[in-house]
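In: I would like to see how this sequence folds:
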Amino acid sequence: MSRIASVFVSQSPEPKLRAEGVANSEGKANHKAFISYVTVGYPSIEMTLRAVPLLAEGGCDIVELGIPFSD
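Out: Model (predicted):
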């Protein structure tokens, strides 16, 4: 199972706990997590679907997905 797939199939109800586990996964006290942010659907849904796995495969520890909204 790929690294990104393991996050998507996780049964943990607490996303915060999964993120903490990723940040501490290197077993180093001073490990810095590389976190990227992607706005879902920008510039297109297809680009988002292509970008997220590439970011994970490229070394991102966490990919945060933002959902656009308007007040």
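
In: separation between Leu49 and Ala33?
Out: Distance, Leu49 to Ala33, using CB to CB, to the nearest Å: 23 Å. Any C-beta I mention is one placed from the backbone N, CA and C, and that applies to glycine too.

In: Check Pro68 too.
Out: Distance from Pro68 to Ala33, by CB to CB: 24 Å.

In: So between these two, which is more surrounded?
Out: Ala33 (14 against 8; other CB atoms under 10 Å).

In: Was I right to think that one contacts Ile62?
Out: Yes - counting by CB atoms under 8 Å, Ala33 does reach Ile62; the two are 6.0 Å apart.

In: Using PDB, list the CA coordinates for the top helix by length along the chain.
Out: As assigned by DSSP state H, the longest helix anywhere in the chain is helix 45-57. Output in PDB follows, covering the C-alpha atoms of helix 45-57 (Å, rounded to 0.1, in the frame of the first residue of the first chain):
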ATOM      1  CA  ILE A  45     -10.400  19.000 -10.000                       C
ATOM      2  CA  GLU A  46      -8.200  17.000 -12.400                       C
ATOM      3  CA  MET A  47      -5.100  19.000 -11.400                       C
ATOM      4  CA  THR A  48      -5.900  18.400  -7.700                       C
ATOM      5  CA  LEU A  49      -6.300  14.700  -8.300                       C
ATOM      6  CA  ARG A  50      -2.900  14.600 -10.000                       C
ATOM      7  CA  ALA A  51      -1.100  16.900  -7.600                       C
ATOM      8  CA  VAL A  52      -2.000  15.300  -4.200                       C
ATOM      9  CA  PRO A  53      -0.400  11.900  -4.900                       C
ATOM     10  CA  LEU A  54       2.700  13.600  -6.500                       C
ATOM     11  CA  LEU A  55       3.200  15.700  -3.400                       C
ATOM     12  CA  ALA A  56       3.000  12.600  -1.200                       C
ATOM     13  CA  GLU A  57       5.300  10.600  -3.400                       C
END
